[in-house]
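# here you go, sequence then predicted model.
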Amino acid sequence: MAKENLKFINREISWLHFNDRVLQEAADPLNPVLERIKFLGIYSNNRDEFYRVRVAGLNRMMDLKGKSKEFEGVNPEKVLKHIVRFEQEQQEKFEQIYRDIRGELEKSGIFIIDERGLGAEQGSFVKKYFHEKVQPNLFPVMIENIQNASFLKDRSIYLAVQMRKKDRSRKDNYALVKVPTSTVPRFLVLPPENERCHIILLDDVIRYCLGEVFSVLDYDEYSAYTIKFTRDAELDLDNDVSKSFLHQVAESLEKRKTGQPVRFIYDSEMPDDLLAALTRQLKIGKKDYVISGARYHNFKDFMGFPRVGGKELAYEPFQPLPHRHLDGARNILDVVKERDVLLHFPYHSFKNVLDLMRQASIDPAVRSIKITLYRLANNSNVINALINAARNGKKVTVFLELQARFDEEANIHWSEKLQEEGVRVIQGIPGFKVHCK
C-alpha cells in the first residue's frame, strides 16, 4: 500500500506503525532491561486489542455480501493483506528483541528457564507449588469430545497436549488445558542457586507435571504446545427502542464471549497430527487467520514480570510532586474558592481529587455533585466517595460511559451499584462515546 502514493495513510496501518514504536522502546538499550521487557508486554497487549477490534472490523466489511469492496475509500482485502505482512515482520523483530533481553538478564544472573532446565531441588519445589497452587485450577478437555470452539476464552492461553505410549501399544490421545493465569501468577521465581535467580513460566510448570494431570489415562509420554484464540470483540448495538442502552450493551457483551474468530495462533513445533485434530474439532478454517507462532503467547503478562535483580535493572518508582496549594490544606474547597488549581497526572497525586470528593461528601454547604466517568478501578475510591455523598443527602449525578473499550462489563456493574445507592446515573448516549473523564 505504501507504493500507491495515498494522500492519507489507512488508520489501521498507521496504528501498526504506532505499535512498532512501542517495540522500539523494548529494543532501546538505554532503557533498563526490566522496563524493556514490560514494553514487550505493552506491545503484545496492544496487538491483541488490534485484532479483537480493528481486524475484526475489516473482516466484517469482507463478509458483507453483494456490497462494494470499497468502504469510504478503504479496501478491506488489501488492508488485511498489508496487516499480515507487517505483522510477520514485527513478530520476527519481537522474537529477536526477546532473545536479546534474555541475554541481558543472564548477564545480571537472571535466567528464564523451562521445564527441561530444572535441577532436582528446583523440580521438587515446582512439583510442590503445582500441587498446592496450580492443579486445583486445571480442568482438561479431551479434544475428541469438543463440539465447537465456543468454550475457548478470548485473551486466554491453552496447552494442546499430546499423550503417547512409549511402546506404541495405544493410540495417541489429545487434550486441551487452559493455563489459569487469571488465578495463578504467570511467573514463578525459584529459590536462588549460586547467587543466580531462576524464573519459570506457569506454562512450563504445567508441562513439568503433565504426567500427574493425566495419570488416570495411563500414558507415559507427554508434550504440550501453546495455542491462543482471538475473537471479534466489537459491540453489536441494535436500534430496538424497547431496550435500554444498558440492556443493549449487556446483550452485546454476552455475544462477545462467542464472537467470530479472527486469529488462531499455535506453537510452530506442534506435530501435524495434533494440529489437524485441533483445527478439525474446533472447526477453524483458513479465513480465521491460522498463524504459526513461537513457544509462548500472551506476552501481555510480561507487564507484570517479577521485580528481581539490582536497582539498575528498572526505574525507581515515581514519587508524586507536592502541590504548594493543596498539600497540608485543611479544606480543598476553601483553596479552590481563592484560586484556580491545576493538577497534572501522574506528576501530582490523585489523592488530591479523592480528598476533594471526600470533603465535598460531608460539607454541609455542598448540595450536589456532578461528574463524568470513563474507566474505574476494581476497588474504586471514586465510587466509594460518590456513594458516601449520596448517603449524606447530596444530589449526585454521574455520567458513566458504558462503551469504555473492554471495561464495559465493569462499568455496567458500577452503574447498577450507584443506582442502588440512590445516585442518578446517565448511561451514555446511543450513537456516541463520551471520552471526558
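Nice, I can see it.
# who's in contact with residue 293?
91, 226, 228, 265, 266, 267, 268 (CB atoms under 8 Å, 6 or more residues apart in numbering). Where you see a C-beta, it was placed from the backbone N, CA and C, and this is true even at glycine.
# switch the cut-off to 10 Å
91, 95, 225-228, 264-270 (CB atoms under 10 Å, 6 or more residues apart in numbering).
# mind giving me the PyMOL select for the residues you listed, buried ones only?
To isolate the buried members of those in PyMOL, using 16 or more other CB atoms under 10 Å:
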select buried, resi 91+225+226+227+228+264+265+266+267+270
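# narrow the contacts of residue 293 to those in strands?
Using DSSP state E to define strands, the subset of those located there is 225, 226, 227, 228, 264, 265, 266, 267.
# show me the two of these that sit farthest apart.
Across the ones in strands among the contacts of residue 293, no pair lies farther apart than 225 and 264, at 12.8 Å, counting by CB to CB.
# before we move on, back to that, okay, the ones in strands among the contacts of residue 293 in JSON lines with distance to residue 18 and pLDDT next?
What follows is the ones in strands among the contacts of residue 293, written out as JSON lines (distance: CB to CB, whole Å; pLDDT from 0 to 100):
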{"residue": "225", "distance to residue 18": "31", "pLDDT": "96"}
{"residue": "226", "distance to residue 18": "27", "pLDDT": "95"}
{"residue": "227", "distance to residue 18": "28", "pLDDT": "92"}
{"residue": "228", "distance to residue 18": "22", "pLDDT": "90"}
{"residue": "264", "distance to residue 18": "25", "pLDDT": "86"}
{"residue": "265", "distance to residue 18": "22", "pLDDT": "87"}
{"residue": "266", "distance to residue 18": "27", "pLDDT": "90"}
{"residue": "267", "distance to residue 18": "28", "pLDDT": "92"}
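# re earlier: who touches both of residue 225 and residue 264?
Joint contacts of residue 225 and residue 264 (CB under 10 Å, 6+ apart) are 278, 293.
# so which strand or helix has residue 34?
If you go by DSSP states H and E, residue 34 is part of helix 33-49.
# tell me which helix or strand comes right after that helix.
Next in sequence after helix 33-49, counting helices and strands by DSSP H and E, comes helix 56-63.
# in that next one, what's buried?
For helix 56-63, the buried set under the neighbour-count rule, 16+ other CB under 10 Å, comprises 56, 57, 58, 59, 60, 61, 62.
# average pLDDT for the helix holding residue 34, rounded please.
Averaged across helix 33-49, pLDDT comes to 94.
# for it, enumerate the helices and strands it packs against.
helix 11-27, helix 76-107, strand 110-113, strand 221-231 (3 or more CB pairs under 10 Å, 6 or more residues apart in numbering; DSSP states H and E).
# could you check the angle it makes with helix 76-107?
With axes from the mean of the first three to the mean of the last three CA atoms, to 10 degrees applied, the angle from helix 33-49 to helix 76-107 works out at 160 degrees.
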